[in-house]
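# Generate coordinates for the sequence data below:
(chains A and B)
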Number of protein chains: 2
Amino acid sequence: MDVLIIGTVGYDNVQTPFGKRERALGGSASYASVAASFFAKPSMVAIVGEDFEEKHKQLFLSKQISLHGLKQVPGKTFAWGGKYEFDMNEAKTEFTDLNTLLQFDAHVPEQYRNAKYVFLANTDPVLQLKVIEQLKNPEFIVLDTMNFWIQTKKEDLLKVISKVDVLLLNDGEARMLFNTVNLLQAAQQALKLGPKYVIIKKGEHGALLFSDGKHFSAPGYPLEVIKDPTGCGDCFAGGFIGYLAKHNKVDEPSLRRAIVYGSVIASFNAEDFSLDRMTRLDSSEIEKRFLEMKDIREF
Amino acid sequence: MDVLIIGTVGYDNVQTPFGKRERALGGSASYASVAASFFAKPSMVAIVGEDFEEKHKQLFLSKQISLHGLKQVPGKTFAWGGKYEFDMNEAKTEFTDLNTLLQFDAHVPEQYRNAKYVFLANTDPVLQLKVIEQLKNPEFIVLDTMNFWIQTKKEDLLKVISKVDVLLLNDGEARMLFNTVNLLQAAQQALKLGPKYVIIKKGEHGALLFSDGKHFSAPGYPLEVIKDPTGCGDCFAGGFIGYLAKHNKVDEPSLRRAIVYGSVIASFNAEDFSLDRMTRLDSSEIEKRFLEMKDIREF
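Residues are numbered from 1 along each chain as shown, chains lettered A, B, ... in the order given. Coordinates of the predicted model:
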């Protein structure tokens, strides 16, 4: 089963206590698509500028990612710079050059409009809504967002939330959006807005899945060294929806396994800069770590 | 099997967003002993002043807690005042009146010196060391501490750590003691100091168990309302060692189950002020929540 992924493709300048990279391939759609490619065939909708390098297009193609929705226009590609301090929890943004992202119209090519599994990676909720309107028969839409949209376009965001199946938030965003420190209360409020499931990502502490009356707590994978956490949330989402699309099933046991696979992919991503670890990753490593995740929560 | 518990008994003034209590029964030994009493027979070593109320002694006795080591001396009982802000993560200490705690000599009554299972709750590491020296044949010693001792008596603390089987830390203490944000690295360093096991408590995010080459991640129990988190760490420890003492077995599967039972007891404790929820708690509630914990972890 195919997965449609809408988000950003860009170049990142990233600095962590373990080194720095300039103009490294990044963006939510890049991470999520490569992550999903371990399970399903992703189609990407995003925009880049004329400086977008051929080798990066080839990287996507080598992962069987369909690029009919990757629009290239005059101007520069979206660029972001950030720095992680000692605790690696949150990047301090140093610059955000939207560049050609300002022209992004979220147009979904005709051949992608029948997609059943859709991931709306972090972008303007107005564009996310526009994507949903173009879909003919979506069965499972996963939505990601960030604090910036919660603060600046909350009304539009709430409208998108009401139309999706899964709302993905990190713990800080959940607390901000629902004005409570209690994640269970935040999730219960989120479910009332429409989604069937809410997933709260807690970084090293794992992830929580909430649905009506059900609760699942996925462990975090214990990494000795985290070199660069950029894109982990998108890798989680890509792995999650990719696994579900592969099995074309969204019952509770599948969702739980999908969350653990998402966590596994995200944990690999943090082991190196940019998409470096993801491009070296193979299925046997993923399966091995999935079994480790089973072991570390067994009692 | 009996459990020996050394720590504080005191009176707490606590304020949280859900209310306040004055002169409520508190202290590490109080919480840990009542928690352990659901599984085993605790013996308490602590000190109180002449103002210690008979009803609180009766509360301990009603839980079959042996009080030959609860010394009552002239002067006032140890008292602590703290306030929890909106996020309920950490108490802001408003006062600490050591009072008779200054005379605490950690003398272990003769009839307790054969104890196999021992919990050294948070106190001065010099006293913790003194307790260990009085024990005849301890099989399993669990050590708790706090940031204050890490900052002021690190050398003594490291000496105690080298003599125990389990080191309990919360995530902040682990990071402080080993000067790293990475909990896996902190645990690996802790294991090198001597303990066979290290447990890192992460509050709402659950707890981690580390031993040589093994890792276990226990989920947190999702509480909708946390009224007062005071004593949760001690309840965790009391439940943990109580469960192990009951089954008189400390292999990996028992340790994992003990951690989950500890988390269950701690989660109940947070539901009300002081020891109020603990004194209403019964075994069937504990078993029910233990099964829920299994369910929220299943994939």
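# Contacts only, for the residue of the stretch 1-150 of chain A at minimum distance from chain B.
Proximity of the stretch 1-150 of chain A to chain B (Cβ to the nearest Cβ) peaks at residue A:87, 4.8 Å away. C-beta: built from backbone N, CA, C; applies to glycine. By Cβ atoms under 8 Å, 6 or more residues apart in numbering or on different chains, the contact list for residue A:87 reads residue B:181.
# does it sit in a helix, a strand or a coil?
coil (DSSP: H, G, I helix; E, B strand; the rest coil).
# tell me the phi and psi of it?
With angles defined as degrees, to the nearest 10, residue A:87 sits at phi -80, psi -10.
# Tell me which residue is most central in chain A.
Nearest to the centroid of the C-alpha atoms of chain A, with distances taken as Cα atoms, centre = their mean, sits residue A:234, at 2.3 Å.
# what's the spacing between the closest residue in space to that one that isn't next to it in sequence and residue A:279?
Take residue A:234 and drop its neighbours on the chain: the residue closest to it by Cβ to Cβ, 6 or more residues apart in numbering or on different chains is residue A:31, 3.6 Å away. To residue A:279, residue A:31 is 12 Å away according to Cβ to Cβ, to the nearest Å.
# now swap in residue A:118 and tell me
Residue A:118 is 24 Å from residue A:279, by Cβ to Cβ.
# What of residue A:84?
Between residue A:84 and residue A:279 the distance is 21 Å, computed by Cβ to Cβ.
# Kindly report the same for residue A:119.
For residue A:119, the distance to residue A:279 - Cβ to Cβ - is 20 Å.
# One more: residue A:93?
Distance of residue A:93 to residue A:279, computed by Cβ to Cβ: 25 Å.
# Just list whatever residues bridge to residue A:5.
Taking DSSP bridges as the rule, residue A:5 bridges to residue A:44, residue A:119.
# Show the pLDDT at it.
According to the prediction, residue A:5 has pLDDT 98.
# dump the residue contacts of it.
Listed by Cβ under 8 Å, 6+ apart, the contact set of residue A:5 reads A:29, A:32-33, A:36, A:42-45, A:118-119, A:121, A:238, A:241.
# now residue A:192
Under the criterion of Cβ under 8 Å, 6+ apart, residue A:192 has no neighbours.
# ditto for the one 3 residues further on
If a contact means Cβ under 8 Å, 6+ apart, then residue A:195 has A:143, A:161, A:164, A:165, A:166, A:167 as its contacts.
# Repeat the analysis, applying 6 Å as the threshold.
Going by Cβ atoms under 6 Å, 6 or more residues apart in numbering or on different chains, residue A:195 touches A:164, A:166, A:167.
# now do residue A:243
Shown in contact with residue A:243 (Cβ under 6 Å, 6+ apart): A:39, A:258, A:261.
# pretty sure the second one is in a strand, no?
No - following the definition three-state DSSP, residue A:258 is helix and is not counted among the residues of a strand.
# In this structure it contacts residue A:240, no?
Yes - contact criterion Cβ atoms under 6 Å: residue A:258 and residue A:240 qualify, at 4.7 Å.
# between those two, which one's more packed in?
Using other Cβ atoms under 10 Å in any protein chain shown as the criterion, residue A:258 and residue A:240 rank with residue A:240 on top: 31 against 28.
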